[in-house]
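Colleague: make a model of this:
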Amino acid sequence: MKLFTKLFLSIILSAGFSQSMQAQVWTTQTSGTSNQLNGVYFISSTQGWVVGASGTILTTSNGGTTWTAQTSGTSNQLYGLYFTSSTQGWAVGASGTILTTSNGGTTWTAQTSGPSNQLYSLYFTSSTQGWVVGSSGTILTTSNGGTSWTTQTSGTSQELYSVFFTSATQGWVAGRNGTIIATNNGGTSWTSQTPSNPATFTGIYFTSATQGWVVGYGGTINT
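Modeller: Predicted structure coming up:
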């Protein structure tokens, strides 16, 4: 009887989950631009930003019901962005572009990155400590909110597309041709890691210091 009850509950829960998943739909929102959009970041269910081609930055305060263009001050392609609060954020892109805002994007100011490489992804562990990754193995770090950026030695010349940190010291970067590198000292040194199924990796995410996923070309997911 207990076995039957468990089986019955399992069927009911599975059916409910299936119906719940089927009820989830994606709805087109009006962005107000035809430019390619490359990156999105939300700090709440209502407030977020999007970046893209030709220096495009859009923002919403109502979950995307309406999107408003912000003035980025650049025509360069923007690939990624990160916010540490409703006011403080950064965006990165082509030709070494790093932009920052301290007022939610009302104004954006250029920061000096150093190299003119493509910059694809960024991650901040606080309002002052962050990393940016990009082409030709580029890794940049800041300890003052981007007032100055310092180059770190990645040990690779591959394109680096994604960066994630679980603390101020522990982080990973993923990129082209199966590249995964890790640090346990904030990037003072980076060590290569070997994935079970190498591919060009475009995203990496961790839920703890030991549990993470990396995804990429050809439907690849490694954990």
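Colleague: how near is the spatially most central residue of the chain to Ser45?
Modeller: Geometric centre of the chain, nearest residue: Ser121, 5.6 Å, by CA atoms, centre = their mean. Remark: distance between Ser121 and Ser45 (CB to CB, to the nearest Å) = 23 Å. Yep, even glycine has a C-beta here, placed from its N, CA and C like the rest.
Colleague: quick check: Gly187 vs Thr30, distance?
Modeller: 40 Å.
Colleague: more neighbours: which of these two?
Modeller: Gly187 (21 against 9; other CB atoms under 10 Å).
Colleague: which residues does the nearest residue to Thr223 once chain neighbours are set aside bridge with?
Modeller: Nearest residue to Thr223, sequence neighbours excluded (CB to CB, 6 or more residues apart in numbering): Trp213, at 5.0 Å. Going by DSSP bridges, Trp213 is paired in beta bridges with Tyr205.
Colleague: the helix or strand where Val173 lies - contacts with which helices or strands?
Modeller: Element membership of Val173 [criterion: DSSP states H and E] is strand 171-175. Strand 171-175 is packed against strand 130-134, strand 160-165, strand 180-183, strand 201-206, strand 212-216, with contacts defined by 3 or more CB pairs under 8 Å, 6 or more residues apart in numbering; DSSP states H and E.
Colleague: between these, which gets nearest to Gln70?
Modeller: With respect to Gln70, and counting by CB to CB, the nearest of the helices and strands packed on strand 171-175 is strand 130-134 at 20.1 Å.
Colleague: sheet partners, orientation included, of that closest one?
Modeller: Going by DSSP bridges, the partners of strand 130-134 are strand 119-124 (antiparallel), strand 139-142 (antiparallel).
Colleague: export those to JSON lines and tack on mean pLDDT and distance to Asn197?
Modeller: Formatted as JSON lines, those follow (pLDDT from 0 to 100; distance: least, CB to CB, whole Å):
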{"stretch": "strand 119-124", "mean pLDDT": "98", "distance to Asn197": "21"}
{"stretch": "strand 139-142", "mean pLDDT": "98", "distance to Asn197": "24"}
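Colleague: quick one: low-confidence parts of the chain?
Modeller: Applying pLDDT under 70 to the chain flags residues 1-23.
Colleague: mind saving the C-alpha coords of stretch 119-132 as CSV?
Modeller: Coordinates of the C-alpha atoms in stretch 119-132 are reproduced here as CSV (Å, rounded to 0.1, in the frame of the first residue of the first chain):
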residue,chain,number,x,y,z
LEU,A,119,36.3,42.4,-23.6
TYR,A,120,33.5,39.9,-23.2
SER,A,121,32.6,39.2,-19.6
LEU,A,122,33.1,40.6,-16.1
TYR,A,123,32.4,39.7,-12.5
PHE,A,124,32.5,41.8,-9.3
THR,A,125,32.6,40.3,-5.8
SER,A,126,32.1,43.8,-4.2
SER,A,127,31.7,47.4,-5.3
THR,A,128,35.5,47.7,-5.6
GLN,A,129,36.9,44.2,-6.6
GLY,A,130,36.3,42.8,-10.1
TRP,A,131,37.7,41.0,-13.1
VAL,A,132,37.2,41.4,-16.9
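Colleague: thank you kindly, that will do.
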